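Peer 1: sequence and predicted structure are below.
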Amino acid sequence: MLKKILFTGLLLLMISGCSGHPTSMQDVSSFCRSLSTEEFCGTQDSLCAKYSEITLAPYKSAKECRMACESVRMKIDQNMMQEDCMQMIQNVESKCNEFCDSNYSD
């Protein structure tokens, strides 16, 4: 199951890289909600909402935006990290970073 999630995430990232438009808040939110989660990872809606909030805030640079993406993972409860949520968190953080890089300059 983990290989399937990882493969799907990588495939979606590669496809999104072919797009000619900057990554939007809707792209991040849709990507997050499209990921299948393990049955013990019941916090997908909450996690997606946190990343969506990041995409609504203004930033001075891509670096500042990426730091906000990273802060979501850093603030996540350790119990969630021990559950089967880590792969989803990493995939959505990557999409969040893609949003930052396509909408802000360093």
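Peer 2: Okay, I see it.
Peer 1: for this structure, what are the low-confidence residue spans?
Peer 2: Low-confidence segments of the chain, defined by pLDDT under 70: 1-21, 25, 36-42, 77-84.
Peer 1: which non-adjacent residue is nearest residue 57?
Peer 2: The shortest distance from residue 57 to any non-neighbouring residue, by Cβ to Cβ, 6 or more residues apart in numbering, is to residue 68 (6.9 Å). The C-beta positions use only the backbone N, C-alpha and C, and glycine is treated the same way.
Peer 1: give me the contacts around stretch 47-62.
Peer 2: For stretch 47-62, the surrounding residues in contact (Cβ atoms under 8 Å, 6 or more residues apart in numbering) are 24-25, 28-29, 32-33, 65, 68-69, 72, 76, 85, 88-89, 92-93, 95-96, 99-101, 103-106.
Peer 1: and stretch 63-79, which residues are buried?
Peer 2: Buried residues in stretch 63-79, counted by 16 or more other Cβ atoms under 10 Å: 65-66, 68-69, 72-73, 76.
Peer 1: let me know the closest of these to residue 43.
Peer 2: Using Cβ to Cβ, residue 76 comes nearest to residue 43 of those, at 8.4 Å.
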